[in-house]
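# kindly generate the corresponding structure for this input.
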Amino acid sequence: MTPPSRRVWTDRLLGPLMLIVPGLMVAATGVGAGDLISASLAGSDAGVGVLWLAVVGAAMKLVLNEGVARWQMATGTSLLRGLVASLGRWAVWPFLIYFAAWAALVAGSLASACGVAATAFVELTPGDPNASRILWGLVHAAVGWGIVRVGGLAVFESVMGLSVAVMVVAVLVCVLGLGPDPQALWNANVPPRLPAAGLDRALAVLGGVGGTVTLLSYGYWVRDHGRQGQDGLRICRIDLTICYLLTAAFGMGMILIGSRIEVEGQGARLATQLADQLGATLGPIGRMLFLAGFWAAVFSSLLGVWQSAPYLLADLWRGRRRIQTDWARARVGSLTPSHEEEPDLTSDPAYRWGLAVLAWLPAATLFVTSVKTIQYAYAALGSLFLPGLAAALLVLNGSPRLGTAYRNGWLTTALLIMILLVYLGILIRGISLN
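Numbering: from 1, shown residues only. The predicted structure follows:
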């Protein structure tokens, strides 16, 4: 747990907002370049009639993340450790292999998106935007490492909070500047219906909004904030509701922007095209504001992954000696917190090495992989995780040993089954089209 002394000036700066800081970090981390692009493409292809998909997608992630928090509050251990304890030591290696592949792709994808956003402001190599993208991507990867490693949790949380503010203001101003008709939006989405055109891009909004593997990080962030038990779960539910309301609003904003302009091409370079066309409608200020919001979205996502992904590695590494103990507790039916003081994972060598590797991976992927390829591969790997998480929550949180206060109720079970089927359907459809 993070020592109180490291949080004093952050608490004073953010005040009451500290209640929702973990949720803000989830929102900022979960909204990346792929989500922005998929939402704008869906709006361009299918129109404003797919706004409801952003709401439903955010609601499904809310159910999943609430399950992660509920396990954490009930047992005092992370969901990852609980899964390994239930399946046994063999489960560590498949996850590590998956995690390594995902981390390599996400590092390159986010650094590349940051490079594109920064190049739209300042092209470091005039006449060669690709080289500028690479250089800016490396700079952002290094700066992200510095904020997480040197600045610590206090600086990280402050930068993330500021980024969320820039994201929300930028998209809100751009949407209001386009002058949408609220009645027309309501009529296009009530009752909700799937579009005849642009179905695949619309489904990408449903599956992509709100993050994938980084959902597990919420458990570590709320632990750093000292949340536990039923009081902690109550705060988490408020926190996550606000988080996913912001996520849904951001997704709907990007759909609205996409519906009002002609979108061509794909990949992270689409941001510049969006900004140019918005500039034709809203003027140069609108163009710069959108680019600022896009940059804040992708850089905060990079920061969130840089800070949270090493938690997963350190949790498994430090817990490798305790997996047998956790497994024994699970087998005898004891899922209550052990009340042992959990160590600060950020001080573990595995965390520091994991962060360093994430920061250095873009040095290879930015040079050898195209934006389109790495974005597609990153999205495909992330989509594999979501049905697995839904299944894990059905099993772990469905155990009667968890207690009635934390166990899945009939409504939660039904929602998790629906989410599992929806994500499996999206995954199967995606595979069949490629």
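# so where's the stretch 1-150 of the chain uncertain?
For the stretch 1-150 of the chain, applying pLDDT under 70 flags the ranges 1-18, 32-35.
# same thing but 50
Scanning the stretch 1-150 of the chain for pLDDT under 50 picks out 1-11, 13.
# which residues of it fall in helices?
Taking DSSP state H, counting those that start in this stretch as the test, the helices found in the stretch 1-150 of the chain are 8-14, 21-30, 33-46, 51-75, 79-87, 92-121, 129-146.
# save those helices as JSON lines, and put in mean neighbour count too.
In short, each C-beta sits where N, CA and C put it, glycine included. Below are the helices of the stretch 1-150 of the chain laid out as JSON lines (neighbours: other C-beta atoms under 10 Å):
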{"stretch": "helix 8-14", "mean neighbour count": "14"}
{"stretch": "helix 21-30", "mean neighbour count": "27"}
{"stretch": "helix 33-46", "mean neighbour count": "26"}
{"stretch": "helix 51-75", "mean neighbour count": "24"}
{"stretch": "helix 79-87", "mean neighbour count": "22"}
{"stretch": "helix 92-121", "mean neighbour count": "22"}
{"stretch": "helix 129-146", "mean neighbour count": "20"}
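# redo those helices as CSV? Include distance to R318.
Formatted as CSV, these follow (distance: least, C-beta to C-beta, whole Å):
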stretch, distance to R318
helix 8-14, 25
helix 21-30, 21
helix 33-46, 31
helix 51-75, 16
helix 79-87, 10
helix 92-121, 12
helix 129-146, 21
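# quick one, which of those is nearest to F385?
Nearest of these to F385, taken as C-beta to C-beta: helix 92-121 at 7.6 Å.
# which one of the helices of the stretch 1-150 of the chain lies closest to P284?
Among the helices of the stretch 1-150 of the chain, the nearest to P284 by C-beta to C-beta is helix 92-121 (12.5 Å).
# that closest one relative to helix 79-87, how many degrees between them?
Computed by axes from the mean of the first three to the mean of the last three C-alpha atoms, to 10 degrees, the angle separating helix 92-121 from helix 79-87 equals 160 degrees.
# helices and strands around helix 92-121, which ones?
Here helix 92-121 touches helix 33-46, helix 79-87, helix 129-146, helix 270-282, helix 284-319, helix 349-360, helix 362-368, helix 371-396, going by 3 or more C-beta pairs under 8 Å, 6 or more residues apart in numbering; DSSP states H and E.
# 6 Å instead, please
With contacts defined as 3 or more C-beta pairs under 6 Å, 6 or more residues apart in numbering; DSSP states H and E, helix 92-121 has these neighbours: helix 129-146, helix 284-319, helix 362-368, helix 371-396.
# shaky segments in the stretch 201-350 of the chain?
Applying pLDDT under 50 to the stretch 201-350 of the chain flags the ranges 267-268, 327-328, 330-334, 337-339.
# which residues sit against stretch 236-243?
With contact meaning C-beta atoms under 6 Å, 6 or more residues apart in numbering, stretch 236-243 is reached by 20, 22-23, 26-27, 62, 65-66, 69, 222.
# correction: the previous question concerned stretch 128-144.
By C-beta under 6 Å, 6+ apart, the residues outside stretch 128-144 that reach it are 111-112, 114-116, 118-119, 123-125, 302-303, 306, 359, 362, 366.
# so which of the residues you listed is the closest to T281?
V116 (21.3 Å).
# that closest one and L282: what is the separation?
In this structure, V116 and L282 are 20 Å apart, going by C-beta to C-beta, to the nearest Å.
# again, but for T77
49 Å.
# these two: which is more packed in?
Using other C-beta atoms under 10 Å, the more surrounded residue of T77 and L282 is T77, with 24 against 19.
# tell me which residues touch the closest residue to Q228 other than its chain neighbours, please.
Distances taken as C-beta to C-beta, 6 or more residues apart in numbering place M73 nearest to Q228, at 6.1 Å, with adjacent residues excluded. Taking C-beta under 6 Å, 6+ apart, we find M73 in contact with 229, 232-233.
# for A405, which three-state class applies?
Counting by DSSP: H, G, I helix; E, B strand; the rest coil, the backbone at A405 sits in coil.
# contact partners for it?
Q230.
# look up how far R234 lies from it.
Going from A405 to R234 by C-beta to C-beta gives 11 Å.
# then W306?
Distance from W306 to R234, counting by C-beta to C-beta: 30 Å.
# the two: who's more crowded?
Ranked by neighbour count (other C-beta under 10 Å), W306 and R234 place W306 first, with 27 against 12.
# so that one sits against I147, correct?
No. W306 lies out of contact with I147 (C-beta atoms under 6 Å); the separation is 7.8 Å.
# contacts only, for L394.
Neighbour list for L394: L416 [criterion: C-beta under 6 Å, 6+ apart].
# give me the pLDDT value at it.
Per-residue pLDDT puts L394 at 94.
# okay, now W221: neighbour count?
W221: 26 surrounding residues under other C-beta under 10 Å.
# my error: substitute G177 in the last question.
Neighbouring residues of G177 were enumerated by other C-beta under 10 Å; the total is 18.
# separation between it and G279?
To G279, G177 is 11 Å away according to C-beta to C-beta.
# so what's the spatially closest residue to A314 that is not a sequence neighbour up against?
Closest residue in space to A314, ignoring its immediate chain neighbours: Y351 at 3.9 Å, by C-beta to C-beta, 6+ apart. Residues near Y351 by C-beta under 6 Å, 6+ apart: 310, 314, 345.
# could you dump the residues you listed into JSON lines with distance to R81 and neighbour count added?
Formatted as JSON lines, the contacts of Y351 follow (distance: C-beta to C-beta, whole Å; neighbours: other C-beta atoms under 10 Å):
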{"residue": "P310", "distance to R81": "15", "neighbour count": "28"}
{"residue": "A314", "distance to R81": "11", "neighbour count": "24"}
{"residue": "L345", "distance to R81": "11", "neighbour count": "22"}
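# could those go into CSV alongside distance to F250?
Formatted as CSV, the contacts of Y351 follow (distance: C-beta to C-beta, whole Å):
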residue, distance to F250
P310, 26
A314, 30
L345, 29
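# list the contacts for the nearest residue to G279 once chain neighbours are set aside?
Distances taken as C-beta to C-beta, 6+ apart put R287 closest to G279, at 3.1 Å, once the chain neighbours are dropped. Taking C-beta under 6 Å, 6+ apart as the criterion, R287 is in contact with 275, 278-279.
# count of residues packed around V122?
V122 has 8 neighbours, counted by other C-beta under 10 Å.
# perfect, that will be all.
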